[in-house]
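Engineer: Return a 3D structure for these sequence lines:
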Amino acid sequence: MKPRLLRYRVLTGLITPPAAPDGEPADTSYPLFRRVLAGLLGVALPKAPDAGSPLTPAAPTAPRLSQTDLQANKPLRTPGSHSAVAYGATEKMPSDRLPVPHVDPDRVWALIVGIERYEVGRDWNLPGAAQKAVSFRQLLHDAGVPEDQLLLHLAPLPSYVPGIPYASADQATLRHVLINQLRLKQGDIMWVWWGGRGATDLEGQRRLFTSDATIADKVGFNLDSVLRLYTSDAVRSFAEQMWMVDASEAIGGSRPSGEPFPREVTPLGSPSHAHQQAVLYATGRSRGGAKYTAPGNGSFSDILLELLADRSAVLPAPPDANELFTAAGQRIAGIAKQGQTPIQAQFRLQRRRRTRVLRPETPLLPAASLRRFVDALLSYPQMTDRAARETLLGMMRPELVDLISRQTTPRMDLYSIVLTAQRYGVLQELFEAMLLIDDDPVRRLALQEALYSPENLEENRTESE
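Structural biologist: Below you'll find the predicted structure:
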């Protein structure tokens, strides 16, 4: 073939519309450089069809859910990976007909832990933790996740018989699952549910204790280290992760917070941006598991189970993380208004290169309520004694105690303590610590009314709008 003819055919190939797949209209749009080449070469371009002609490319439309599909919560299968999401019709869905994402249950894995009994002894018992873990497992099983992909690890009290097979919740077993088993599985979605005891160490790292923890050897896991592992290149699957952790602190002579812990080595890969990791973490102090005395009593686990049950149509896919964070925060705020045991919660969403951390709102005391709160603290005879105030501070996080400017008189010292607690959002923690020193019901009511009075809540609502 002559060179000029070859160049001609190459150039005309640049301006000829590419062939369309069978059954689809051809692309008849011509960029400027094609029109210029056509003029130089004297090549006639086909006339573009008029709008509305049979050759006009149809606008792409999203797959639609029929009314029957909506009523049956029937998922749509979309081309591509198993984790692709199809939201049905493009118009706004009715409020009671939520779009259902498609998730292949065979591509979902879950680690589910519920520890009611520790080798430490009765002080750490948490009645109900195993039962709630089983309830969470049932939600995913009802959503179609295979039984062998629901890794259930329990340490139940003798009073509770799960009725289904489960593995132990000691450190060696759970470490093998987290480090050597689960992270190597192939899947799109991973759930982690953990109910048990936890604490914050001297370095501010969150620790979760396993069932074989003792006073002398508080074995468990560094939660923050494990979270980093599962967003590294050491985990090739599970692009979407949902971690739900209810870590109740132990109180009394065996209280773990602020103490040194055994060092465990968690393998770490290089940071990866291939994972979306949502973490709902809460801690609350309790005596002998008072926080878990009955289902529906307002514990963080109860809140999560209720929220997931309300969103069962989307399971086994995780609900929208931001919406779930908001709903959980509202439930926690409602518990605080009722004067129940406060829950210290933190929500974190890591998505590619961005991380968002939220904490449910805690009341900000106006001047009048601040004065009433300090007066209520001073009504406790112990608070006039500096040694008793030191004991109160010893129940709070060490990194916050170091920030308090101590004063010589009891009233001014308490003002400094309360203002620092308010600044860092731990007034609930201070309130709870005081009740552990003296649980007198009359003084408790005065302290509670100062912290959760309607005036405080109304002022906070106005400021946040």
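Engineer: And the pLDDT for residue 425?
Structural biologist: With respect to pLDDT, residue 425 has a value of 72.
Engineer: Residue 96 too?
Structural biologist: Residue 96 carries a pLDDT value of 35.
Engineer: Same check on residue 391?
Structural biologist: Among the per-residue scores, residue 391 shows a pLDDT of 88.
Engineer: tell me the contacts of it?
Structural biologist: When contacts are counted by CB atoms under 8 Å, 6 or more residues apart in numbering, residue 391 touches 382, 437. Just so you know, the C-beta spots here come from the backbone N, C-alpha and C atoms, and that holds for glycine as well.
Engineer: Which parts of the chain are strands?
Structural biologist: With DSSP state E, the ranges of strands along the chain come out as 108-115, 150-155, 189-200, 206-209, 220-222, 240-250, 276-283, 285-286, 344-351, 354-358.
Engineer: And those strands, which one averages the lowest pLDDT?
Structural biologist: For those, where the average pLDDT is lowest is strand 285-286, sitting at a mean of 48.
Engineer: so how far is residue 170 from residue 117?
Structural biologist: Spatial separation of residue 117 from residue 170 under the definition CB to CB, to the nearest Å is 11 Å.
Engineer: if I look at these two, which residues touch both of them?
Structural biologist: Contact criterion CB under 8 Å, 6+ apart; residues shared by residue 117 and residue 170: 155, 211.
Engineer: Of those two, which one has the most company?
Structural biologist: Remark: of residue 117 and residue 170, residue 117 carries more neighbours, 22 against 17, as counted by other CB atoms under 10 Å.
Engineer: so residue 418 makes contact with residue 373?
Structural biologist: Yes. Shown here, residue 418 and residue 373 form a contact pair, counting by CB atoms under 8 Å, at 6.1 Å.
Engineer: Identify the residues contacting residue 211.
Structural biologist: 115, 117, 118, 119, 155, 168, 169, 170, 196.
Engineer: Buried ones only from the residues you listed, please, as a PyMOL command.
Structural biologist: Selecting just the buried residues from the contacts of residue 211 in PyMOL takes one command, with 16 or more other CB atoms under 10 Å as the test:
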select buried, resi 115+117+118+119+155+169+170+196
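Engineer: between the contacts of residue 211, which is closest to residue 145?
Structural biologist: For residue 145, the closest of the contacts of residue 211 turns out to be residue 169, at 20.2 Å, with distances computed as CB to CB.
Engineer: What's the separation between that closest one and residue 140?
Structural biologist: In this view, residue 169 and residue 140 are 18 Å apart by CB to CB.
Engineer: between the contacts of residue 211, which is closest to residue 388?
Structural biologist: Checking the contacts of residue 211 against residue 388 with CB to CB, the nearest one is residue 118 at 29.5 Å.
Engineer: which residue sits closest to the closest one, ignoring its sequence neighbours?
Structural biologist: In this structure, residue 118 finds its nearest non-sequential neighbour in residue 124, 4.1 Å apart by CB to CB, 6 or more residues apart in numbering.
Engineer: how many neighbours does the one you found have?
Structural biologist: A count of neighbours around residue 124, defined by other CB under 10 Å, yields 27.
Engineer: and the closest residue to residue 280 other than its chain neighbours, what is it in contact with?
Structural biologist: Here the nearest residue to residue 280 in space, its sequence neighbours aside, is residue 244; by CB to CB, 6+ apart that works out to 5.0 Å. Under the criterion of CB under 8 Å, 6+ apart, the contact partners of residue 244 comprise 136, 191, 192, 193, 194, 280, 304.
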